[in-house]
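*Asks:* here is the input, now give the coordinates:
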Amino acid sequence: MRPRSYRYGRGVDQFGELWLPEDGIPTVATVILVHGGFWRARYSLSLAWPLAADLAARGYAVWNLEYRRVGLGGGWPATFTDVAAGIDALAGVAADGPSLDLSRVVAVGHSAGGHLAAWAAGRAALPPGAPGAGPRVALAGVVAQAGVLALADAARAGIGHTAVTDLMGGGPDDLPDRYRLADPSAAPPTGVPVLCVHARADDEVPFEQSARYVTAVTRAGGTARLLEAPGDHYTLIDPATPDWALVVGALAELVSPPR
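*Replies:* Numbers count the residues shown, from 1 in each chain. Model prediction:
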């Protein structure tokens, strides 16, 4: 299967790839894939190609999203506005002809992509004028795979070395207003369920990142759950592993019609 690319901006990295099920396979729902790589330019949406192919074979329409990363015009606020615009671009893609179910859209993100997917779940609560405010496409849920979900804590702990401070342009003590808008744990969503999948053996993004996020969301009255994966940071994006099977199961749970 070959995806079709659609642009949501003029920049070289402002596009998404639409992967559709083969003819004859009914479409289950729409999944947005947000790749990881600590928001850095050397990592691209090619990281998510195996996942996109696997999900399309399972009947999902998949929007594999690219965005500006640090080193290629990304960082605050460009990375965030790109992810927001890329998600909202699905409305135009659907109007262009492909049969997409925009009533059941779930974002799946790995590592830094998990951060961005969880952040996108809270866009409706952002103040007017903030980067990403006023979503046009609503998310029905998020699956965060080893997400960097407590951004300020990650900056202070040096997760990814200087990855977080490079993204934000500085640390949380110097830029508290930015972190308040960008940190999923600081403004957790209350209307979008989030399923976190994380391995305790993860040596890139600590398991505690997801644990802290789930605690913050539930304290705020939202819905979040943590599933412990048996592998490591990268087995979560290997379709041949039990870790990916956990993600697929979590995704099916989020898109199932309410009973």
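
*Asks:* only C-alpha atoms from now on, for both contacts and neighbour counts.
*Replies:* Noted.

*Asks:* element containing Ile87?
*Replies:* helix 78-95 (DSSP states H and E).

*Asks:* list the contacts of the helix or strand following that helix.
*Replies:* With elements assigned by DSSP H and E, the helix or strand that comes after helix 78-95 is strand 105-110. Strand 105-110 is contacted by residues 29-36, 114-117, 138-147, 236-237, 251, 254-255 when judged by Cα atoms under 8 Å, 6 or more residues apart in numbering.

*Asks:* mind listing which of these are in strands?
*Replies:* Per DSSP state E, strands hold the following members of the contacts of strand 105-110: 30-34, 141-145.

*Asks:* pLDDT of the helix holding Ile87, averaged?
*Replies:* Here helix 78-95 scores 95 as its mean pLDDT.

*Asks:* tell me where the stretch 101-250 of the chain has helices.
*Replies:* 112-121, 151-157, 163-168, 176-182, 207-219, 242-255 (DSSP state H, counting those that start in this stretch).

*Asks:* which stretches of this structure have low pLDDT?
*Replies:* For the chain, the stretches flagged by pLDDT under 70 are 1, 97-98, 257-259.

*Asks:* re earlier: and the helices of the stretch 101-250 of the chain, which is most packed in?
*Replies:* helix 112-121 (a mean of 28; mean count of other Cα atoms under 10 Å).

*Asks:* report all helices and strands that it contacts.
*Replies:* For helix 112-121, the elements it packs on are strand 30-34, helix 78-95, strand 105-110, strand 141-145, judged by 3 or more Cα pairs under 8 Å, 6 or more residues apart in numbering; DSSP states H and E.

*Asks:* chain center to stretch 65-72, what's the gap?
*Replies:* 14 Å (Cα atoms, centre = their mean, to the nearest Å).

*Asks:* quick one: buried residues of that stretch?
*Replies:* If you call a residue buried by 16 or more other Cα atoms under 10 Å, then stretch 65-72 has these buried ones: 65-70.

*Asks:* what residues does that stretch touch?
*Replies:* 13-17, 32-35, 39-41, 44-45, 74-75, 78-79, 82-83, 86-87, 166-167.

*Asks:* can we see that at 6 Å?
*Replies:* Residues from elsewhere that reach stretch 65-72 (Cα atoms under 6 Å, 6 or more residues apart in numbering): 13-16, 34, 39-41, 45, 74, 79, 82.

*Asks:* can I get the residues you listed in a markdown table with neighbour count?
*Replies:* Shown next, in a markdown table, are the contacts of stretch 65-72 (neighbours: other Cα atoms under 10 Å):
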| residue | neighbour count |
| --- | --- |
| Asp13 | 21 |
| Gln14 | 19 |
| Phe15 | 24 |
| Gly16 | 26 |
| Val34 | 28 |
| Trp39 | 27 |
| Arg40 | 19 |
| Ala41 | 16 |
| Leu45 | 18 |
| Gly74 | 22 |
| Thr79 | 24 |
| Asp82 | 25 |
